[in-house]
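J.: Give the three-dimensional model of this entry:
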Amino acid sequence: MGVLVIDNKKYARVLAKVLPRVIDTHHEHERMLTEAEKLMDKGEDRTAEEDAALDLMVRLIQDYEGQHHPLPQPSPHEMLLYLMEQRSLKQADLLPIFKSRGYVSDVINAKRGISKAHAKQLADFFKVSVNLFI
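T.: Have a look, this model is predicted:
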């Protein structure tokens, strides 16, 4: 993939409309969300300059939300249940990893923790970072 080329004058016009800046207040956060939504609604019709501005706004929004509304880190057990739900998996689908229906049941019901070896296998199975299960 090549480098995205944007026209600086067009980009400056987009930025002048949205006026993105570091978000310090709830009001500014709401305003930035509204502006980002307007650009997202354009979908395929967005220009490269609007894409660049949207990327900037999303980063500013994420930074604000990370500081003011941090999400709790899910436990390895919660992450496993979430990934299974997202992929419509059943306990039996994890048998190749845990080798026993009872063991799978205990992990699913949080009666057993996830070992490092199983965490690695789960990460490979779900194609995610092993850190989600440790």
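J.: What's the per-residue pLDDT of the closest residue to residue 22 other than its chain neighbours here?
T.: Counting by C-beta to C-beta, 6 or more residues apart in numbering, the nearest residue to residue 22 once its immediate chain neighbours are dropped is residue 60, at 6.5 Å. Backbone N, C-alpha and C define where each C-beta goes, glycine included. Per-residue pLDDT puts residue 60 at 97.
J.: In this structure residue 60 contacts residue 24, no?
T.: No: counting by C-beta atoms under 8 Å, residue 60 stays clear of residue 24, with 10.5 Å between them.
J.: quick one, which of these two is more surrounded?
T.: Neighbours per residue, other C-beta atoms under 10 Å: of residue 60 and residue 24, the larger number sits with residue 60, 18 against 11.
J.: Okay, and the more buried one sits in which element?
T.: Assessed by DSSP states H and E, residue 60 sits inside helix 48-68.
J.: Could you verify my assumption that residue 134 touches residue 115?
T.: No: at 9.7 Å, residue 134 and residue 115 do not qualify as touching, with contact defined as C-beta under 8 Å.
J.: And the strand or helix carrying residue 27, what does it pack against?
T.: Assigning secondary structure by DSSP H and E places residue 27 in helix 26-41. Helix 26-41 sits against helix 48-68, with contacts defined as 3 or more C-beta pairs under 8 Å, 6 or more residues apart in numbering; DSSP states H and E.
J.: Great, nothing more from me.
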